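>>> sequence below, structure please.
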Amino acid sequence: MLQQIAFMPQHQFHVLINFSGEDERILAILPNEAGNFRVVYQGKVIAELNLDKDGCTCYKGKLKKNIMAQLEHQIKNHYA
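Numbering: from 1, shown residues only. The predicted structure is shown next:
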């Protein structure tokens, strides 16, 4: 039985996110088969995200709205 998978994970990728003012950090994004993403900073998982057609939602961890918007933009651009 074959299943068609709409989301094909790739290896991790890195993004530069502006947290506030001069505070820019490089985060690793690790995708999985379910379409979720782990956000890793300095070896620690700081959040887990779900990306769907409505946008990006954080279901583990807490991130500010501006950081979520940047992550959503970066993830969409990576898979465009």
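>>> partner residues bridging Glu48?
Beta-bridge pairing for Glu48 (DSSP bridges): Arg38, Lys60.
>>> give the contact list for it.
Counting by C-beta atoms under 8 Å, 6 or more residues apart in numbering, Glu48 makes contact with Asn36, Phe37, Arg38, Val39, Cys58, Tyr59, Lys60, Gly61. In short, each C-beta sits where N, CA and C put it, glycine included.
>>> model confidence score at it, please.
Here the pLDDT value assigned to Glu48 is 92.
>>> can you flag the buried ones in the contacts of Glu48?
For the contacts of Glu48, a neighbour count by 16 or more other C-beta atoms under 10 Å gives the buried set as Asn36, Phe37, Arg38, Val39, Cys58.
>>> does Glu33 sit in a helix, a strand or a coil?
Under DSSP: H, G, I helix; E, B strand; the rest coil, Glu33 falls in the coil class.
>>> which residues in this protein form strands?
Secondary structure of the chain, counting by DSSP state E: strands at 13-20, 23-31, 36-41, 44-52, 55-60.
>>> what's the mean pLDDT across the second one?
Pointing back at strand 23-31 there. In the prediction, strand 23-31 has an average pLDDT of 93.
>>> what is the orientation angle of it with strand 36-41?
With axes from the mean of the first three to the mean of the last three C-alpha atoms, to 10 degrees defining the directions, strand 23-31 sits at 140 degrees from strand 36-41.
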